[in-house]
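# I would like the atomic coordinates for the input below:
(7 chains)
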Amino acid sequence: MIWQFDIIILIFLVITAVISLRVKDLLAASMVFGTYSFLICLLWAGMGAVDVAFTEATVGAGISAVILIATVYNTRRDSSD
Amino acid sequence: MSVLINIISIVLILAGLVFFLGSVVGVVRFPDFYTRMHAAGKGDTLSSLLVIMGFAVYHLGQIHWMDFAWADLLVVLKLLAICAFIMLTSPTATHALMNAGYEDGIEPLMRKKGNALDNEEGEKGR
Amino acid sequence: MKWVGLIAVLFTGGLLLSAMDDFPNWGDAHSPANASPVSQYFIEKTIEDSGVPNMVTAVLADYRSYDTMFETVVVLIAGIAIMAILRVGNQIPRGARPAPVSAPASVNDDHQDIIIGTTCRLLIPVLQLFAFYVIAHGHHSPGGGFQGGVVLGTSFILAAIAKGLDPALERLPETRYVKIAFVGVVIYSAFGVACLLLGENFLDYGVLSVLLPTIDAAEARSHSMLGVEVGVAFTVSAIMFAIYANLASKGELEGGL
Amino acid sequence: MPEVIQTYTPLWACLTALLAVIPILLLRKESFLREGATFVAGVVMLGFVISMVPEVLSGKVLECTLVQITEDVPIKFRVDGLGMLFALVASSLWIVTSLYSVGYMRGLKEHSQTRFFVFFAVSLTATMGVAFAGNLLTLYLFYEMLSLATWPLVTHHQDKEARGGGRKYLAYLLGTSVGFALPALIFCYVKASATGLEFSAAGFLAGTGIEGSVALVLLLLFTFGFSKAGLMPFHSWLPGAMVAPTPVSALLHAVAVVKVGVFCIIRVFTGVFGLEFLKTLDIAIVVSWIAAFTVITSSLIALTQDNLKRRLAFSTIGQLAYIILGVSLLEDRAVIGSMAHIAMHAVGKITLFMCAGAIFVATGKKYVSQMDGLGRKMPLTFIAFTIGALSVIGLPPTGGLISKFYLVTGAMDAGQPLLVTVFLVSTLLNAAYLLPIAYHAFFPKDRQLSSQPFSWKSTAEAPWAAVLPLCVTSILAIVLFLQPQVLLKLASLMVGDAG
Amino acid sequence: MAEQYPIIVLLVLLFGALLVGLSGMVDRRVCFPLAVTALSLAVVVSVGILQQVINGGVIRYFVGGWSRPVGIGIELRIDTINALVLLTITTVGLLTAIFSFRRVQEDKTEKTPLFYVLYLLLIMGLSGMVISGDAFNLYVLLEVSSLTSYALIAMGKSRRAATAAFSYIIMGTIGASFYLLGVGYLYLRTGTLNMMEIHQAILALDGSSSTIVVAFVLILVGLMIKMAFFPLFGWLPNAYSYCPSSTSCVVAPLMTKVGVYVMIRMMLTVFGTEWVFENLQYAQWLVGMAIVAILAGSVMALAQVELKKMFCYLIVAEVGYMVGGAWMANHWGMVGAIYHIMSDAFMTLCMFLAAGIFLKQAGVVRIDQLDGMFRKMPVTMAGFVVGALAMIGIPPTCGFFSKLYLIRGGMESGHWGYVVALLISSLVNAVLFFRIFEIAYFGKKPAEGHGHHENHSTVSVIKEANVSSLVPLLASAAIIVLLGIFNSDIVELIERALNGSQVIGMNVLSGKGGQG
Amino acid sequence: MGETFKANVIDHFNFWVAVVLMMIGLYAMITKNNLIKKLIGMSIFQTAIILFYVSAGVKDGATIPILEHHAAETEQVEAGEHVEGHPVANHEAHAINPDDYSNPLPHVLMLTAIVVGVATLGVALAVTQVIYKNYGTLEEDEILAKIKAAENDG
Amino acid sequence: MAYKVFIFILLMVTWVILSGQFDAFHLVLGLISCALVTSMSADLLFRERDAPVLQRVQEGWSLAWYFLWMLWQILLANIAILKLALSPNALQQVDPSIVHFKTKLKSNFAKFLLANSITLTPGTVTIKISGDDFYVHAINDEAAAGLNGEMERRIASIYRVESAAAGGKGDC
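Numbers count the residues shown, from 1 in each chain, chains lettered A, B, ... in the order given. The predicted model follows:
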């Protein structure tokens, strides 16, 4: 893969990870986490790990985000940190 | 032939990118949630369509017509199926987001006129 | 706490980075991991052994199928665990509930959002077909039992999101998805046990060719891989839906998001 | 090496008591049968023990290996002179004690008698196990078993006092055994596992190359580790354990527990290190001085005690220290004296304790000051008391004289005049704290009491089952004076080996 | 069939779980017999494996028949040590399953099938971990056992069960992830996942690679979290004391022990003792930490008022024993550590079974509620006493002998601090358990003066437990004694594995030092 | 300096970022107060490990680990063999060059790891919901305070 | 039954497009998969009306034309957005309003189609459908005026059953 892309995505990954952990709204955090998963899936696809990317796309960006949101919905959205 | 096809595909992809740019600028510049969703929802749809069509056209050029394999054509069809998919889901997503924003109580920016939805809700006494 | 955490994390990070000098370069084809006889073997001999072009599938479902079996078991455990922790209310697992007297499983309920409802309605069959495609073509393209299973499960989740949990549960009631989940693992391990009974080691699919005289050992491997992937897909799809259904309804399996 | 005979008799002797638990439990509703079972078991056990006496006397050793517990070290029984001597004492006194306890327990209508008899039997098994232990590990095993089995006996009353006493009891016994004896044992195991930790006259540690301070530490670890011997400063459990019912105290202080302690220490001296080896190491003198200190101090404390049982307890501490002192002199005669003193003191002290119990049963009196003139009421008891006291002091016509004689001459042999003095001073002290009781019982300070004429009619002895045993033991004390040959033969067997 | 035993022991449990799940939905009553049958079969098969290993040496089983080149498939590798640990696991599983009969039926009627499914899979995961010869496969099975134990713990009725389970999940995941990362580092440098192959590669690298060192540290830390080694034990007490008693009875004896076992396996088979003890100079540190762990665990156990909590802190101390023994870098320390894995498993089982019975029959949570138990539940107390004596280390129970070997190891390697810590811990155990005995014997408020409780008129409702609870308790007590009596045989088996191992550097361990 | 920088950073950038992500996740797991935040941290931690593994299997200039379809088919035609359903049966025509394909083994391992990750996340979320039901909050400090209060009461 | 066969064939075509493998083995797999999907969720696709197959085909045909027209509309919409976004005085041109109108379309699918078309066309996005009432967010008056009902007419003409309702105008 093109290493410049690689680096850009990696930087974005760090940014999304930090955002999803810093945002106070849990729903937003879950969404940003979904973005993170999608980015990392992109990265893996670029690295040639298509199966892993596919799995991460379905699981990380799909199921994980959905069940996180389901839990947030059933509990509460705001958090102290 | 293949040069022409390549040019077409490049044009399509470039157009898609331009529209992407437009929607991104729109998202940045527009004043409120709803107007931004206009930019995001529409620009997204068309530009993705154009880019994918560009791919499809490019791939069409790659088919060896002498040594034809169905599988190659199927790639084009798959790309078109993705287009259909985007046409189906993209407006739905835009709508869902706007609706959710509305339900969440984000006030639309209004210069004049009343809000039709407010009126309706007022009538129903919700 | 924060400071302790920070120090621990920095320490760990330093530890992890301290070995960086010793790492092979990124993308080095001759690093120990990439040039090891094991991965060379996978790349060179997969076709020979089973005729499956997708090496990941071959390694997943054949060479390291023992791992994958337990991976499936992990998924099963996750579902069972969530039911065990969260499930409340009716008898567990709930039996087929009596059909509602009023409208049957309707997808046209007007109180639901028409746009989203219709989109999902159109998407679900396509999604399911795509899931089956992914399962069936794991040998040739990315995908396989796990990804396909997740997509299949997602289609039910989509139904539950768009239409509410109850209609989705009428399509896939609790008794059924629990059963499917278990049956998936049964299918997987049955392949292994069949090999065992035919006198070879567990999951040594090559020996299954004696069951179908027209195929040779490589094909037997290929087909058995598909078989176990189907088992994986069973479990995964059922459990993904189970996880969502329980988490979305606080274990009551009613209402939902 | 002495001739070795493989036989299971030691095992049976040991198991008899344990097997007796079953009928005791089964017959818990029928108190007569239950106590009968205890009694029968005692007799059977004694029978087994006696059946081995001739062979041991003829210089043979009986062995039986049960299980190989670690690679080198089995659980093993081995009957030699010392073990035989101890087993004889323990088993014969058990019969007497069980008879006595029947009387005592009935007399006081104690609760949970079945439990009492069960643990009584288990304690005896442990004692026999210690007596017959063939190696250090087996010894330690039964030693711990005894600590645990006697705990319910000590705390039999289950009241606050018993609780405190029991706590102290376990804290000292287990604390020292786990804290001191176990490391010492493991050290031995590390150093000499090839020998199987088996007791031998030469000592299995001889030849392992330990010397100097290490050896001293090891010896002290063992000496203090087997703190049932009551050596100061780990003695205070003994008076504390006086809360137990008197038969238990009798057994504890005369037979089972404390004697097991000194027995173990003698084993360490004679079997683990070996007398010759110890002589070359020249460290035993430290133990001697500790023992000497204990002898004097405990006797002085005993003088100040008013509670009879406590006084006896401190007396016991002193007497035990005698034994240790004797063995630590490493002289043949002193060692023989020590071994003999195990038996002599056992008989004497058990008599004294049973007397104390009998007094308590009959009158409920515990304190020395209350016993003025009691001899007139309970003449038999106090006659026995006197004989027991004489034996403990070491005056004729009792067995105590013989052992003390050996001890003192042994001390002279060792060339330790100071220690000879210790023996003599302590004998005086013994007399000082024991004899006045006997004297005042018959010749009360209170004129009024002494003026009354004595008549058999006015006596009020304890139940016969309590009185009979103490008569028997007092007679035994005299018999041992007259016929000490068997004991001395057994004791000298050990020393003879060494020589 | 005999050569297939290694896989059969897992399959029996797996199919047991599946059958329980499928048929339990129809009829709940079949769960218990099915589970017990599966576990008994597993015990039988693991006995068979042990026999096979004793007679025929190390078993190498290649799943899927991928034996050449080694490392493409997954290998199961059983020597005498694994076989013994495997037998321990299945036996504990069987006993606890029998014990769970009443509890599960009464506690969680509706979730009975789910409980047994998770339970059987937990045992399967642990067994699989023990016999696996593949570093990554071990991770998968580690997760199988972790996930099941999270769920089993979270099933507790106590309000705090969930919070305890949550912190367990967080810590457990950190541990497992560290392990995974360590395997990743190993893979990066060696290019294989098979334990023996990794070992060869490490030998070839000749101790020059810092990646391997980091990998080892990661794996070690990960496993330490899993086994609740001293500074990382915070999750354990709550997790093990607020879960249902039938869960604590299986989780407490097995989870930490298997963690220790895996650590030993890593040291022996994967990294090799020579590398671990000579190339790395960690032994002193780890023994030092083990000393702290032992002392801290004992002291904290002293401070507890709740029975199960107390046992939990004792587990922390016991883990210290084993880690210290394993890092003693000599023969007897290692033997003692491995032997202690087994003996501690049964000791802990006995303790927790007794605690479970007390909780069930008498509602006992705190130690001071145990008053008068000797009278009320004599048989239970008898079993408990045996376990307690083993914990203290009184012969002929197995606890004594493991301490014997460990202390011997400590003495030979000159770790006197460890020896002292072990003895102090034994004393603390003695204090703890005799405090319990005292309470159980005297009652809470001992009557003043001479106690004459001849009449039992104040009969409480507390009765002796039923057979399904007593059988496992007494069986575990019997096993404790038997393990002690036959410890020489077991030690011989352990030594055989240590000596016969291909691992270079065994010369450190195989010599029986101290005789010369 | 430049060389070291290249050797340490550019050539290992993936590993660096993987470690950074791991530490972000780990830090969140340890110090975050909110339970769901902890779980997000946990997922990030796990994904970062997966990234690490996948990075280990990358080869420059290699393609995805699926054998080229067309090549296989033409090859088959050339060899004149036809096996139903198995387009590739002849393996002598071309030797497969391992450098052309990414290393499949890390991918396989990471599939398993992803599954384990989502399974753990699911179970943890279920536990979270139970905690919320019991204590009505997801903040760790509040939960601890409530536990303490309950202990003092009882 | 005929309906199910229809769905099955439709799915099979999709499968073939997806699969690209024409050997018997994969086709059999496709048959099994399509049968499964048909049995699982045939009722989700086009279940609303029991229209004859021929009419359906006709509808499909006109729908395809409609899509082409829609593409054109989308292009226009995007150019509009592009202009708006890049024009220097974008904020002046943005003058949002929410427009309400009633539709005559009856079937849910038609409503759905209309709503999505509105979303994709210049300057308007459907916010909510409630019964027959549409609530549309228009970005400025020009866009609002664009909701002149042409789209609705076209859709109504596709579904001829509802053609009677054609010409319904959105009231503002």
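# and the closest residue to chain F within the stretch 101-250 of chain C, what helix or strand is that in?
Among all residues of the stretch 101-250 of chain C, C:I243 sits closest to chain F, at 4.5 Å; criterion: Cβ to the nearest Cβ. Where you see a C-beta, it was placed from the backbone N, CA and C, and this is true even at glycine. In the assignment (DSSP states H and E), C:I243 maps to helix C:217-248.
# That helix and chain A, any residue contact?
Yes - counting by Cβ under 8 Å from any Cβ of the partner chain, chain A is contacted by helix C:217-248 at C:240, C:243-244, C:247-248.
# will you turn the residues you listed into a markdown table that also has pLDDT and neighbour count?
Shown next, in a markdown table, are the residues of helix C:217-248 next to chain A (pLDDT from 0 to 100; neighbours: other Cβ atoms under 10 Å in any protein chain shown):
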| residue | pLDDT | neighbour count |
| --- | --- | --- |
| C:M240 | 93 | 32 |
| C:I243 | 92 | 30 |
| C:Y244 | 91 | 27 |
| C:L247 | 90 | 26 |
| C:A248 | 89 | 26 |
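# just checking: which of those residues also lie near chain B?
Counting by Cβ under 8 Å from any Cβ, no member of the residues of helix C:217-248 next to chain A is near chain B.
# what's the closest of those residues to E:P69?
Ranked by distance to E:P69 (Cβ to Cβ), the residues of helix C:217-248 next to chain A are led by C:M240 at 36.7 Å.
# Relative to chain E, how far out is the most centrally placed residue in chain A?
In chain A, the residue lying closest to the centroid (Cα atoms, centre = their mean) is A:Y36, at 2.3 Å. Noted for A:Y36: a distance of 17 Å to chain E, by Cβ to the nearest Cβ, to the nearest Å.
# same check, this time on F:G136
12 Å.
# Could you check how many residues crowd around that residue?
12 (other Cβ atoms under 10 Å in any protein chain shown).
# What of F:E151?
9.
# any bit of the host helix or strand of C:D67 sitting next to chain F?
According to DSSP H and E, C:D67 maps onto helix C:65-86. Yes - residues of helix C:65-86 contacting chain F under Cβ under 8 Å from any Cβ: C:67-68, C:71, C:74-75, C:77-79, C:81-82, C:85-86.
# now that helix: mean pLDDT?
Across helix C:65-86, pLDDT averages out at 92.
# what do you get for stretch A:63-79?
Averaging pLDDT along stretch A:63-79 yields 88.
# Please apply the same query to stretch D:164-171.
For stretch D:164-171, the mean per-residue pLDDT is 80.
# ok, and what's touching it?
Contact with stretch D:164-171 is made by D:147, D:150-151, D:154-155, D:236-237, D:240-244, E:430-431, E:434, E:438, as judged by Cβ atoms under 8 Å, 6 or more residues apart in numbering or on different chains.
# and the residues you listed near chain A, which?
Okay, of the contacts of stretch D:164-171, nothing touches chain A (Cβ under 8 Å from any Cβ).
# So which of those sit within helices?
Taking DSSP state H as the definition of helices, the contacts of stretch D:164-171 contribute D:147, D:150-151, D:154, D:237, D:240, E:430-431, E:434, E:438.
# Turn these into JSON lines, including neighbour count.
Shown next, in JSON lines, are those (neighbours: other Cβ atoms under 10 Å in any protein chain shown):
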{"residue": "D:S147", "neighbour count": "24"}
{"residue": "D:T150", "neighbour count": "29"}
{"residue": "D:W151", "neighbour count": "24"}
{"residue": "D:V154", "neighbour count": "27"}
{"residue": "D:W237", "neighbour count": "24"}
{"residue": "D:G240", "neighbour count": "21"}
{"residue": "E:A430", "neighbour count": "23"}
{"residue": "E:V431", "neighbour count": "19"}
{"residue": "E:F434", "neighbour count": "21"}
{"residue": "E:E438", "neighbour count": "20"}
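# pretty sure D:S288 contacts D:L418?
No - assessed by Cβ atoms under 8 Å, D:S288 is found out of contact with D:L418, at 9.7 Å.
# The two: who's more crowded?
Counted by other Cβ under 10 Å, D:S288 and D:L418 do not tie: D:S288 has more neighbours, with 24 against 10.
# Using the record's assignment, carve chain G into domains.
G:2-44, G:53-165 (automatic domain parsing).
# Regarding D:L303, which helix or strand does it belong to?
Going by DSSP H and E, D:L303 is in helix D:284-304.
# Which secondary structure elements does the very next helix or strand once past that helix sit against?
Later in the chain than helix D:284-304, the nearest helix or strand by DSSP H and E is helix D:308-328. Counting contacts by 3 or more Cβ pairs under 8 Å, 6 or more residues apart in numbering or on different chains; DSSP states H and E, helix D:308-328 is packed against helix D:237-240, helix D:246-250, helix D:256-267, helix D:284-304, helix D:332-363, helix D:399-413, helix D:417-442.
# Show me the shaky parts of the stretch 251-400 of chain D.
Filtered on pLDDT under 70, the stretch 251-400 of chain D yields the residue ranges D:252-255.
# Show me what residue of it gets nearest to chain C.
D:V272 (50.6 Å).
# chain center to the helix holding D:L303: distance?
18 Å (Cα atoms, centre = their mean, to the nearest Å).
# And the residue nearest to the centre of chain A, which helix or strand is it part of?
Per DSSP H and E, A:Y36 falls inside helix A:26-47.
# just checking, what packs against that helix?
Using 3+ Cβ pairs under 8 Å, 6+ apart, helix A:26-47 sits against helix A:3-22, helix A:50-58, helix A:65-74, helix F:35-56.
# Show me what the mean pLDDT comes to for the helix or strand hosting E:L126.
For E:L126, the element it lies in under DSSP H and E is helix E:112-131. Summarised as a single mean, pLDDT over helix E:112-131 is 91.
# Can you name every helix or strand that that helix contacts?
helix C:65-86, helix E:5-24, helix E:31-56, strand E:74-78, helix E:80-107, helix E:135-154, helix E:245-265.
# Which residue ranges of the stretch 301-450 of chain E form helices?
For the stretch 301-450 of chain E, applying DSSP state H, counting those that start in this stretch gives helices covering E:307-326, E:331-362, E:373-376, E:378-392, E:398-413, E:416-442.
# what does the average pLDDT come to for the longest one?
Summarised as a single mean, pLDDT over helix E:331-362 is 89.
# what's the offset of it from the middle of its chain?
Worked out by Cα atoms, centre = their mean, helix E:331-362 lies 8 Å from the chain centre.
# can you state the direction angle for that helix and helix E:378-392?
150 degrees (axes from the mean of the first three to the mean of the last three Cα atoms, to 10 degrees).
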